[in-house]
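Colleague: predicted model and sequence below, questions to follow.
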Amino acid sequence: AFFKHQIHWFSIFNSFMMVMFLTGLVALILLRTLRKDYAKYSMGHDLELGGDEDEYDDNGKPLVPGPGTEESGWKQVHGDVFRAPRLLPLFAALLGTGWQLVVLTFG
């Protein structure tokens, strides 16, 4: 009587394939973005060492930004994302106590 329910193998396989597809899509987007950033930063490093300045990406944009351009996307907020909050022990204590009360109340 342990296997009295029918297993829906097609649904399990379909869910697994959907997860694999979405993971691949996110990985592709991340790799494209990071590859362009890495190429741009390594090109800037090569320019400091005396390399050429006429390198372009797949879209025809120069890899090394000009004097009037600014950073965009995650590069603007990376300092705030990895910054530890002020009064970290108090924050951790309040967060832990809050979750303990939520679990005790609703759990």
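Modeller: Happy to help now that I have it.
Colleague: helix or strand right after the lengthiest helix in the chain?
Modeller: Looking across the chain with DSSP state H, the single longest helix is helix 9-48. Per DSSP states H and E, the first helix or strand lying C-terminal to helix 9-48 is helix 74-81.
Colleague: can you state the direction angle for that next one and helix 9-48?
Modeller: 100 degrees (axes from the mean of the first three to the mean of the last three C-alpha atoms, to 10 degrees).
Colleague: list the buried residues of helix 74-81.
Modeller: Buried residues in helix 74-81, counting neighbours by 16 or more other C-beta atoms under 10 Å, are absent. All C-beta spots, glycine's among them, are computed from the backbone N, C-alpha and C.
Colleague: which element follows it toward the C-terminus?
Modeller: Downstream of helix 74-81, the first helix or strand assigned by DSSP H and E is helix 88-106.
Colleague: other SSEs contacting that following helix?
Modeller: For helix 88-106, not one helix or strand is in contact under the criterion 3 or more C-beta pairs under 8 Å, 6 or more residues apart in numbering; DSSP states H and E.
Colleague: restricting to C-alpha, output that helix in CSV.
Modeller: Coordinates of the C-alpha atoms in helix 88-106 are reproduced here as CSV (Å, rounded to 0.1, in the frame of the first residue of the first chain):
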residue,chain,number,x,y,z
LEU,A,88,25.4,45.0,13.4
PRO,A,89,25.0,43.1,16.7
LEU,A,90,21.7,45.0,17.5
PHE,A,91,20.4,44.3,14.0
ALA,A,92,21.2,40.6,14.3
ALA,A,93,19.6,40.3,17.7
LEU,A,94,16.4,42.1,16.6
LEU,A,95,16.2,39.9,13.4
GLY,A,96,16.7,36.7,15.4
THR,A,97,14.2,37.7,18.0
GLY,A,98,11.7,38.7,15.4
TRP,A,99,11.9,35.3,13.6
GLN,A,100,11.7,33.4,16.8
LEU,A,101,8.5,35.3,17.7
VAL,A,102,7.1,34.6,14.2
VAL,A,103,7.9,30.9,14.4
LEU,A,104,6.4,30.6,17.9
THR,A,105,3.3,32.5,17.0
PHE,A,106,2.5,31.0,13.6
